[in-house]
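In: After the sequence you'll find the predicted model.
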Amino acid sequence: MFFYPVHLTYPVREECSMTIAPHAPVTVCSSNQYTMTILPFSGLRRYGARNTGFIPGEKEAAFFSAAQQHPLACVDGKLKLPLTFPQEDCYLCELFVNGKSAEKFEIYALESDLFCLQPYKGDNHLHSWMSDGKDSPMYMVAAACRRGYDYCAITDHRYFEPSLIAKDFYENTGVDFLVIPGEEVHSPQNRVHIINLGGEESVNDWWRNHEPEYRAAVQKELENMHEPMSDADRYSAAASQVIFDKIRSVNGVSILCHPCWIRPYGFSETEDVTDYLFDHKRFDALELIAGGAYEMGTQMQLSYYHERESMPVLGNSDAHACFGDKLEPGNYTILFASDLTVDALKDAICNKMTVAGNEKKLYGDYRLVKYAYFLMRNFYPEHSRQRDVLGANMIRYASSLGEADADLTSVKPSTLFAQLRYSD
Ligand SMILES: [Zn+2]
Ligand SMILES: [Zn+2]
């Protein structure tokens, strides 16, 4: 790379000034002629733009064509090009020095709703040794950072406490990593796995300490269920609906986990229960891809999802250790959120601003997946390198239970996020 765009994302239909900087030791020399072509990845959209209030004409067609070499101005050792992007898209830029191709790079223009959000990467489903995992909650958090994530949730079976321990441990360190409180809820006579993400209270504690109240709520739910189902399935389905509602009442996001999880005896939960929960949808998000060892289950979940209405989808590892098979496909979630806070991330999920993915495959709404692939090529490689450094320091800090003078504040991915978004 000899030259790079200072910002990667721009707002559409607003006058911008794209800045291109040289990588040292290359410098911009005013005796050179710098020109650039810029092409929309998806072709100039007219039919596709008919609902945006602006349909590009001949002027835009000429501007965004391979034939149009735009002269760049040299300002303070950098190159500048004023322009207005007509559509949300990836744009392919080629820079020429004295007529010779010198650099190719991509940038992205976004509609205002997405331009004002940042893409935070994370894992919403992790276990520690405080349920059936192998490592401490603090280690699991540090490992998530090393994997290139901005946030994670510890979601131990039946316990909310481990997530709070992890959160408190890093709370005053100034580390640029968010721990979301969470738990995997397993209420009595319910085989369905459900996550309470970001709730203000434990839902496991609720059913444990108020079982008659839980039983009464399920009973009330059962009275309105007349579909043909076995008694066990009916109870599981009713109990799940009660738990989804309870999670919402403590301001959590409810996640239906791995519905096609395959056990030696078949599906962990029956298809009747899964069908019922999708037909009477009260959960907030679907864990679309999770775990490593269940490729068949994952593919069946994907097929199931494709037959249904679009909904918020998440990718998680469901890892029970810092190393191991469940981490292998590297399943994660990208949440497009206003900032890195629990509330903003919960909003992102409920507004369906999510992409579920791993190193190769991304799932979700077309628009977000298209943008996420751009980020995968142009943003996440450097982001992951920085997170890896920070995560290694977090592991040192966690291994000494906070005693090590590990550097948790010098790596600030927020700087990288600021560079991602255009500002003049
Ligand atoms: Zn589970
Ligand atoms: Zn789990």
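Out: Yes, it's here. Residues are numbered from 1 along each chain as shown. Ligands and ions are numbered 1, 2, ... in the order given.

In: Residues contacting the strand or helix carrying Leu164, please?
Out: Assigned by DSSP states H and E, Leu164 belongs to helix 161-171. Outside of helix 161-171, the residues within contact range by CB atoms under 8 Å, 6 or more residues apart in numbering are 128, 130-131, 137-138, 140-141, 153-156, 177, 179-183, 202, 394, 398, 402, 408. To be clear about C-beta, it is placed using only N, CA and C from the backbone, and glycine gets the same treatment.

In: What subset of those is buried?
Out: Using 16 or more other CB atoms under 10 Å as the burial test, the contacts of helix 161-171 include 128, 130-131, 137-138, 140-141, 153-156, 177, 179-183, 202, 394, 398, 408 as buried.

In: need the contact list for the residue of the stretch 251-400 of the chain found nearest ligand 2.
Out: In the stretch 251-400 of the chain, the residue that lies nearest ligand 2 is Asp318 (4.5 Å; CB to the ion). By CB under 8 Å, 6+ apart, Asp318 lies in contact with His125, Leu126, His127, Cys257, His258, Glu287, Ala290, Gly291, Lys326.

In: Report the contact partners of the spatially most central residue of the chain.
Out: The centroid of the chain falls nearest to Ile334 when counting by CA atoms, centre = their mean (1.2 Å). By CB under 8 Å, 6+ apart, the contact list for Ile334 reads Pro119, Tyr120, Lys121, Thr354, Val355, Gly357, Leu368, Ala372, Leu375.

In: Considering only the contacts of helix 161-171, which also neighbour ligand 1?
Out: Near ligand 1, judged by CB under 5 Å from the ion, there are no entries from the contacts of helix 161-171.

In: Need the nearest residue in space to Lys134, chain neighbours excluded.
Out: Nearest non-adjacent residue to Lys134, counting by CB to CB, 6 or more residues apart in numbering: Ala321, 3.9 Å away.

In: ah, wrong one, I meant Gly99
Out: Among residues not flanking Gly99 along the chain, Gln33 sits closest, at 7.1 Å (CB to CB, 6+ apart).

In: Could you look up the SS state of Ala356?
Out: The three-state assignment at Ala356 reads strand, by DSSP: H, G, I helix; E, B strand; the rest coil.

In: what's across from it in the sheet?
Out: Judged by DSSP bridges, the bridge partners of Ala356 are Thr333, Tyr363.

In: Please spell out the segments of the stretch 201-350 of the chain that come in under the pLDDT threshold.
Out: Applying pLDDT under 70 to the stretch 201-350 of the chain flags the ranges 292-293, 325.

In: Helices of that one, residue ranges please.
Out: Counting by DSSP state H, counting those that start in this stretch, one finds helices in the stretch 201-350 of the chain at the ranges 203-209, 211-223, 231-249, 271-279, 295-306, 342-350.
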